[in-house]
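[1] Output the structure for:
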Amino acid sequence: MKKVITYGTYDLLHYGHIRLLERAKALGDYLIVGVTADGFDMARGKINVQQTLMERMEAVKSTGIADEVIVEEYEGQKIDDIIRYDVDIFAIGSDWKGKFDYLNEYCQVVYLERTAGVSSTDLRSHENAIKIGIIGDENELNLIDKFEQESHFVNGATIEGICMPKTTKLPETLLKMPIVTNDYADLINNVDAVYVISRLEDHYDRIKQALENGKHVLCESPMTSSLKEWEDLSELAKSNGLVLMDAIRTAFSMAYYRMLLLIKSGRIGDVVSVDASCSSLREMRLEAVGSLCAWGPNALLPVFQILGKEYKSKQILSLIVDEQRKYDAFTKISFVYPHAVASVKVGKGVKTEGELVVSGTTGYIYVPAPWWKMDYFEIRREDPTQNKRYFYQLDGEGIRYEIVSFVKAINKGTNTLYIDKNVSRAIVKEIEDYSKGLFIKL
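    Predicted coordinates:
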């Protein structure tokens, strides 16, 4: 019996996929189809996949062409599969011509012509294009520019325009967008969704206006400094069937997500401590937010996602450099949980080692600075020979994955699972407590 194997993502299965599978099957008697796992796709930079692994596998099975469907999960698996399944022919689309010639050492390699004019990329781009408008602030031009640049890597999303109080300060690239205005109503009338990166005190009004006009919202965290306002916005989004999502790009990196899964699966035993630090020596502009508002959401994210939000007690200590605005150059929050503790240190004008350490009863996880741009972490144990390192590709500091998740949530009509609503609420609670003066001055 002659065995043939082929691989693909098979997102939004279409006629071109089916024709390729039929031609692969015609090369032999038994066809094995490898469907790439979500994590492997992201590691290869293919981040715009719309369907889950199970949905894609079921779609391939439903064609009745494949005799066996397997999952492709890691680099180098093709060689392992060819040997394991005693494969005679490796077949792949002609757009990969030459890429897999190295497999000729293990079996015959055949490049199949693809069906012209049909692609998953085109389907994603045309069917689900979401027009996004940016609600900006001149203090965040660097991040706004990164967001616009990263959007070009995401099929199904386009940046339609930007609204800022002073558009004259925009860089040349942003001035070329279709809509450049200081009229918020003008922008939201021409988009499907908005990305809010304005001043924290403006978040509530900006988000509310967008939601009332039927627009989905991606907002830099914290969404508000008031729990009441956060709850009002969450209810408004829910009642209007809209996505309201925190923009904490760390949460969308593959390394961070895999780290959480390993922790939840007990790889370091019971977690007894989470210590996260974030800092920068940015100029302390009077109009800018302090360290807790700027860095707090990032540092608090692993604490609440690993230990939960039901702590027994906490203590906030801050170095205040502007009494009127409660501008903190450095803040430390210590949490006490029933069976664990956590420490968050953030600085904006004070520098500290920006690492993340999660301590457990059988080992600990170490992420070097800057951990919020995580593409690597280690599990360390008592016996150093048992240590293990994990590497994952991180493109665009996680911004493009954040945009992909936002677009998927809109298209599927469900909110993201990366940042649970309870975590979003808990972050706002800490900001509110700080704004009420519930801290000790250093």
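
[2] Could you list the low-confidence segments of the stretch 151-300 of the chain?
    For the stretch 151-300 of the chain, residues meeting the criterion pLDDT under 70 lie at 282-288.

[3] Tell me where it has helices.
    Secondary structure of the stretch 151-300 of the chain by DSSP state H, counting those that start in this stretch: the helices cover 172-175, 184-188, 200-212, 227-239, 254-264, 291-307.

[4] Tell me which other helices or strands the fifth one touches.
    Put plainly, it is helix 254-264. Helices and strands touching helix 254-264, as assessed by 3 or more CB pairs under 8 Å, 6 or more residues apart in numbering; DSSP states H and E, comprise helix 38-43, helix 291-307, strand 356-360, strand 364-367, strand 376-380, strand 388-391. Where you see a C-beta, it was placed from the backbone N, CA and C, and this is true even at glycine.

[5] and the fifth one, what's its mean pLDDT?
    Per-region confidence: strand 376-380 scores 95 on mean pLDDT.

[6] Report the angle between it and helix 254-264.
    20 degrees (axes from the mean of the first three to the mean of the last three CA atoms, to 10 degrees).

[7] ditto for the longest one
    With the same axes, to 10 degrees as the criterion, the two stretches helix 291-307 and helix 254-264 enclose an angle of 40 degrees.

[8] One more: the third one?
    Compare the direction of strand 356-360 with that of helix 254-264 by the same axes, to 10 degrees and you get 20 degrees.

[9] Just checking: what are the partner strands of strand 356-360?
    Using DSSP bridges, strand 356-360 pairs in its sheet with strand 271-280 (antiparallel), strand 364-367 (antiparallel).

[10] Mind listing residues that contact the host helix or strand of Y7?
    With the criterion set as DSSP states H and E, the secondary-structure element containing Y7 is strand 3-8. Residues outside strand 3-8 that contact it (CB atoms under 8 Å, 6 or more residues apart in numbering): 17, 20-21, 24-25, 27-36, 72, 78, 81-82, 85-93.

[11] can you list the domain ranges for the protein.
    In the assignment given by automatic domain parsing, the structural domains of the chain cover 3-118, 122-248, 254-393.

[12] Could you say which helix or strand holds N142?
    Secondary structure here is read from DSSP H and E; on that basis N142 sits in helix 141-151.

[13] List the buried residues in that helix.
    When burial is assessed from 16 or more other CB atoms under 10 Å, helix 141-151 yields the following buried residues: 141, 143-144, 146-148, 150-151.

[14] just how off-centre is that helix within its chain?
    Helix 141-151 has its average C-alpha position 15 Å from the chain's average C-alpha position, going by CA atoms, centre = their mean, to the nearest Å.

[15] phi, psi of the spatially closest residue to I440 that is not a sequence neighbour?
    Nearest non-adjacent residue to I440, counting by CB to CB, 6 or more residues apart in numbering: L317, 4.9 Å away. Main-chain dihedrals, L317, degrees, to the nearest 10: phi -120, psi 130.

[16] what's the pLDDT at L317?
    L317 is assigned 96 on the pLDDT scale.

[17] cool, and N104?
    pLDDT, N104: 93.

[18] Surely it is in a strand?
    No. With DSSP: H, G, I helix; E, B strand; the rest coil as the criterion, N104 is assigned helix and is not in a strand.

[19] could you measure it against L27, distance?
    Distance, N104 to L27, by CB to CB, to the nearest Å: 15 Å.

[20] who has more neighbours, these two?
    Looking at N104 and L27 with other CB atoms under 10 Å, you find the greater number of neighbours at L27, namely 18 against 10.

[21] Quick check, pLDDT for the more buried one.
    Each residue has a pLDDT score; the one for L27 is 95.

[22] Quick check: it touching I92?
    No. Proximity of L27 to I92 does not meet the contact threshold set by CB atoms under 8 Å, at 11.6 Å.
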